[in-house]
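Q: Using only what follows, build the 3D model:
(one chain, ligands or ions: 1)
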Amino acid sequence: MGEGGVRVPAAAPGSLKVFKGGKMNRVRRWWRVWTHYLRYKLASPPLSFANYFITVKCNLKCIYCPVRTDTGSKIFDYCSSSRRELSTEEAKRAMEELGKLGTLWISFSGGEPLLRPDLEEIADKARREGMFTILDTNATLITKRRARTLSRVFDSAVVSLQGMERKNDEMRGKGTWRRTMRGIEFLKESGCEVGVNFILTNLNLGEIEEVVNFLRERVDHLFFNPVCEAKGFMPTREQVRWLEGKLFELKREHGNFLSNSSEHLRAIVRYLRGERVVECEPFTLHVSLMPNGDLCGCFYPFPVGKVGEGLEEVRLRGKKKREELWRECGGCANSSYFHVTRLFRGSPFYLLERRFSP
Ligand code: SF4
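A: Next up is the predicted model:
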């Protein structure tokens, strides 16, 4: 047992050494991504990306977040209707099922995943099942000690930040920015790769350049996502026109530090203009595991089964309902699903230029 009741997994025999950083990690990653790519092209795609929303609980209440704030989204109703979370053992069995389907990447998000004291134990299990683990966090709860245990079981971390201090705190709560930056520092000190996820809303567009410049030497990469399922925060037409030029200017200047592909930046602009963007393959390339064990194709709450029912069967059921899901969700330009889909649908050159992570 570690700090604050956090359950720290025992040193992993072999698996952590193989996956943690360095050359072996890269070679193995290359091999697995290319194998998946070829299998996709041969029309037998293995599952590639899973998003485990491990809890809906969060220590923050960001104004644009459809999980914690009623932004008029079905996500809020869904998350409010069930507070049940999988137990540690149930979650570990789910990791086994995902591993058997060949899942390459798994992202742990929420809510705030650090609120689960068994997070490291479950992430460790995912790693032992051969998945590359990503932590999606607001980083405000990260202490020096927790950063050390996290960096043992996560290949990389994604931290959400929504502007410079004043703007970020206006949207997420006073003192959040400083705590997030401190969490980032602890993660970096412990050797974790850290990316920042910046959600583009009508409130914070003006900050993007300053944030990119500020973070350039402090994190490994940064990417943008458009606000989703929160209509009151959609940028105006004029803001979108300005944004289009600015995003590409930043991409030219910062290259791969801005880890959105050019295709994704174009998709963000189309989405914010009100066009329907559907660049995903739910249940084929990606699934989501909800806190209560429901299985969906992505973050949108459209459950087609439960973990424990046999993931392959649920996946087949989901594939048949994909058209219905696309009609209901209306599209999105979420970076994870977009990049996983493009990675496999595109030419090998896209694969070569992308970092191997959704
Ligand atoms: S377009 Fe719809 S189905 Fe596809 S990832 Fe977005 S919300 Fe999910």
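
Q: which stretches of the stretch 201-350 of the chain have low pLDDT?
A: Scanning the stretch 201-350 of the chain for pLDDT under 70 picks out 348-350.

Q: Apply 90 and report the result again.
A: Along the stretch 201-350 of the chain, the model assigns pLDDT under 90 to residues 228-232, 308, 310-311, 342-350.

Q: Spatially nearest residue to Val67 (excluding sequence neighbours)?
A: Counting by C-beta to C-beta, 6 or more residues apart in numbering, Cys79 is the residue found nearest to Val67 once chain neighbours are left out, at 5.1 Å. (C-beta placed from N, C-alpha, C; glycine too.)

Q: Outside of the helix or strand that that neighbour is a member of itself, list whatever touches it.
A: With secondary structure defined by DSSP states H and E, Cys79 is part of helix 74-81. Contacts of helix 74-81 from elsewhere in the structure, counted by C-beta atoms under 8 Å, 6 or more residues apart in numbering, are 56, 66-70, 229, 299-301.

Q: What residues sit buried inside the very next helix or strand once past that helix?
A: The helix or strand immediately downstream of helix 74-81 is helix 88-100, counting by DSSP H and E. Across helix 88-100, burial judged by 16 or more other C-beta atoms under 10 Å covers 88, 91-92, 94-95, 97-99.

Q: Columns distance to Lys306 on top of those, output as CSV?
A: Formatted as CSV, these follow (distance: C-beta to C-beta, whole Å):
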residue, distance to Lys306
Thr88, 17
Ala91, 13
Lys92, 16
Ala94, 10
Met95, 15
Glu97, 11
Leu98, 14
Gly99, 18
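
Q: What sits closest to Met131 if chain neighbours are left out?
A: On the basis of C-beta to C-beta, 6+ apart, the spatially nearest residue to Met131 that is not a chain neighbour turns out to be Ile106, at 4.5 Å.

Q: these two touch, right, Glu279 and Thr341?
A: Yes - when contacts are counted by C-beta atoms under 8 Å, Glu279 is listed as touching Thr341 (5.4 Å).

Q: Close to the ligand: what parts of the stretch 151-300 of the chain are there?
A: With C-beta under 6 Å from any ligand atom as the criterion, the stretch 151-300 of the chain meets the ligand at residues 278, 280, 282, 297-298, 300.

Q: Pop out the phi and psi values for Gly191.
A: According to degrees, to the nearest 10, the main-chain angles of Gly191 amount to phi 90, psi 10.

Q: Looks like it contacts Ser151 (just checking).
A: Yes - Gly191 is in contact with Ser151 according to C-beta under 8 Å; the separation is 5.4 Å.

Q: more crowded one of the two?
A: The neighbour count for Gly191 versus Ser151, taken as other C-beta atoms under 10 Å, is higher for Ser151 (23 against 12).

Q: got the phi/psi numbers for that one?
A: When read as degrees, to the nearest 10, the backbone of Ser151 gives phi -70, psi -20.

Q: OK, contacts around it?
A: With contacts taken as C-beta under 8 Å, 6+ apart, Ser151 has the following neighbours: 187, 190-192.

Q: where's it relative to the ligand, distance?
A: As defined by C-beta to the nearest ligand atom, to the nearest Å, Ser151 lies at a distance of 29 Å from the ligand.
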